[in-house]
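>>> The sequence and its predicted three-dimensional model are supplied below.
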Amino acid sequence: VRSFVEMAEESDIQLDTDTYDVVILGTGLSEAILAGALARVGKKVLHLDGNDYYGGPFASFPLHSFKSFIETAQQPPQPKYREDESFEVDGRSVVGVSLCGSVTSATSLLRSGAEFSTTSEATLADVKQGRRYNIDLTPRAIWSVNPTIEILVRAGVNRYLEFKCLDHTYVFLDGKIQQVPCTKGDIFKSKTITVQEKRQLMKLITALTKPEDAEKAELEAAAETPFIDFLKARGLSQNLQTFIMYSIAMIGPDQRVDNAEKLPTSAGLERMLRFLRSLGRYGNTPLIYPLFGMSDINQAFTRFAAVYGAVYVLGHAPSRILVDKNDTSTSAAGKVVGTVLGAKQVLKSPFVVASMDHVPSFVADTESKFMSRLTCCVDKTLDPDGKDVLLFASIPPHASAEFDNPDTVYILQLDPSTNCCPAGKLLVHLWTQGSSGSTANLKAIAAKLFRNDASVEGDSRPLIEWMSVFEQRIRTSISAERIPQGLVIVPDVEQSIDPDAAFQVAKKLFQQMYPGEEFIPEVPHPDDVKWGVDEEETDATSSEPTPSTEAQEQVTPSTSPSAPEQKDSDDMPAPTSFD
């Protein structure tokens, strides 16, 4: 297995253009969105990735590629650094700094000890079936109403994508999987909470969505108090507190009922409103999932960027980043002036954006959190009604004697309608905050939910056909003192159930790089674009970049998937913002 540095030095690739506004390294979700935003406002973008696939941490793999990725991560990393080398750029002597040289993205992203096991060799032997899997490295679902959806629509990339609304959301309480009520009718039919708790819950929902003046004052007064204290002050039972926090507010995996003072009431109520706003937008549940996996969103944004002129090269990372260490006007570490592609081609650019897989050696020793993951293929659904459905479930910490998990565990079950697994199979993702024993805890939960032996009679639980367990790094901490002006590091996004953080990171970095530019101006509908119009017929004063004529077919709606259809729902009170 060769490192990015070795592959770059052996490459004979030569680009026709050697000057760009921005060179981006890595095609993770934040990088893909950023590339699209930059290209949309007319920046000249070169997007490189040492991997031969799109997505970085948000990649989706067919079964055989996923198995190979996990097996590669089992090898200990062997960084291959190079000494600094001098180059000349525009008559100046600059320093070429080697990339950190991780063997592959697998060894950089995953901790050692990743496992892949199977109870059915026939599954791996069937290559055709294996290609019908799209296995997310970082599974996420998307809230039906949130800024992420707005950006997808504003950029027009929703025309490249299709989504499916989750059929059900569940929570594990008292050793049972119980449906989260998503309508007023569901609340009153639910057996999860008592009649009194139902009334208390409806009263709280009404106070949030249609607050009276006194209720507004109460909510504003409690804004900075711990969310758990706010729920207790309203006289809610322990069961209802747990239900609200982990099924409706869906607080983070690192927050528990017993230490949720990290979460203020304002944030907790905003999370509840996020749930309520999203109900009925595209279906009965608040979450949607992209068909073919999360990496389709990455590819939609790279396609969007390419339409506006960005250049893409997969399987090639630069061998070095060029830094003028004599220019300390804005940073003591110097100033970035470009990269070296292949052995010697110098590419000039004032900005180099690097994912955590492509950082230079002087920022390689970053601090990491990690997320514990378990992915498996089963032959039968987790749904209590026995239906093959798309569902999301959460297991609150210590909410059941059956699952003694210290942190929230999330479960996402994908059925064949998502194009992520073949017919007759279901793909199940489990994840939780990484901690001592978290991986063993996921295995214990899987052992409770599934069976490994098909020969045992009377066991009706779903049968695991293959399973993978691994720990995924979240690399975030970098010393700003070591970063030269123009080098933009993209951190891994924090663990969550949605990809919103990746969009926020992209917007923040864009505004830092070009503070006067608009982040992804609204894209005209393809039917409104006048293709092949002579230049003199256009507005000479307009600097608005337009898609190249070669991209016309790519953005035609008839060849592009559409966004999900909106559905009306008046079953719950109309949500309003929490001020």
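That came through, no problem.
>>> and the most centrally placed residue in the chain, what does it touch?
Against the mean C-alpha coordinate of the chain, by C-alpha atoms, centre = their mean, the closest residue is residue 499 at 3.8 Å. Residues in contact with residue 499 (C-beta atoms under 8 Å, 6 or more residues apart in numbering) are 29, 58, 140, 142, 148, 294, 297, 493. Bear in mind the C-beta positions are built from the backbone N, C-alpha and C, glycine included.
>>> so of those residues, which ones are in strands?
Under the assignment DSSP state E, the contacts of residue 499 contribute residue 142 to strands.
>>> can you list the weak-confidence ranges in the stretch 301-450 of the chain?
Within the stretch 301-450 of the chain, the stretches with pLDDT under 70 are 343, 361-367, 399.
>>> and if we set it to 80?
By pLDDT under 80, the weakly predicted segments of the stretch 301-450 of the chain are 342-343, 359-368, 398-404, 434-436.
>>> those strands in it, which residues are they?
311-314, 320-324, 335-341, 345-348, 351-355, 367-378, 391-395, 409-414, 426-433 (DSSP state E, counting those that start in this stretch).
>>> would you turn the ones you listed into JSON lines with mean neighbour count?
Converted to JSON lines, those look like this (neighbours: other C-beta atoms under 10 Å):
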{"stretch": "strand 311-314", "mean neighbour count": "16"}
{"stretch": "strand 320-324", "mean neighbour count": "26"}
{"stretch": "strand 335-341", "mean neighbour count": "25"}
{"stretch": "strand 345-348", "mean neighbour count": "18"}
{"stretch": "strand 351-355", "mean neighbour count": "25"}
{"stretch": "strand 367-378", "mean neighbour count": "21"}
{"stretch": "strand 391-395", "mean neighbour count": "24"}
{"stretch": "strand 409-414", "mean neighbour count": "24"}
{"stretch": "strand 426-433", "mean neighbour count": "23"}
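>>> out of the ones you listed, nearest to residue 24?
strand 351-355 (4.4 Å; C-beta to C-beta).
>>> neighbouring contacts of that closest one?
The contact list for strand 351-355 (C-beta under 8 Å, 6+ apart) reads 21-26, 28, 30-31, 34, 56, 321, 336, 338-339, 360, 486-490, 509, 513.
>>> Show the contacting residues for the nearest residue to residue 236 once chain neighbours are set aside.
Nearest residue to residue 236 in three dimensions, chain neighbours excluded: residue 200, at 5.8 Å (C-beta to C-beta, 6 or more residues apart in numbering). By C-beta under 8 Å, 6+ apart, residue 200 lies in contact with 234-236, 240.
>>> any idea how far residue 66 is from residue 200?
Distance check for residue 200 against residue 66: by C-beta to C-beta, to the nearest Å, it reads 45 Å.
>>> Show me where the stretch 101-250 of the chain has its strands.
For the stretch 101-250 of the chain, the strands defined by DSSP E, counting those that start in this stretch cover 115-118, 135-136, 142-143, 163-165, 168-173, 176-179.
>>> quick one: strands adjacent to the second one?
Right, strand 135-136. Paired strands of strand 135-136, with direction, are strand 60-61 (antiparallel) (DSSP bridges).
>>> picking that back up, which one of the contacts of residue 499 is nearest residue 421?
Scanning these for proximity to residue 421, where the rule is C-beta to C-beta, the winner is residue 294, at 14.5 Å.
>>> burial count for the closest one?
Neighbour count of residue 294, defined by other C-beta atoms under 10 Å: 25.
>>> Would you check that it makes contact with residue 135?
No. Here residue 294 lies out of contact with residue 135, judged by C-beta atoms under 8 Å, at a distance of 10.2 Å.
>>> Any idea which of the contacts of residue 499 the model trusts least?
pLDDT across these is lowest for residue 493, at 84.
>>> No further queries at this time; thank you.
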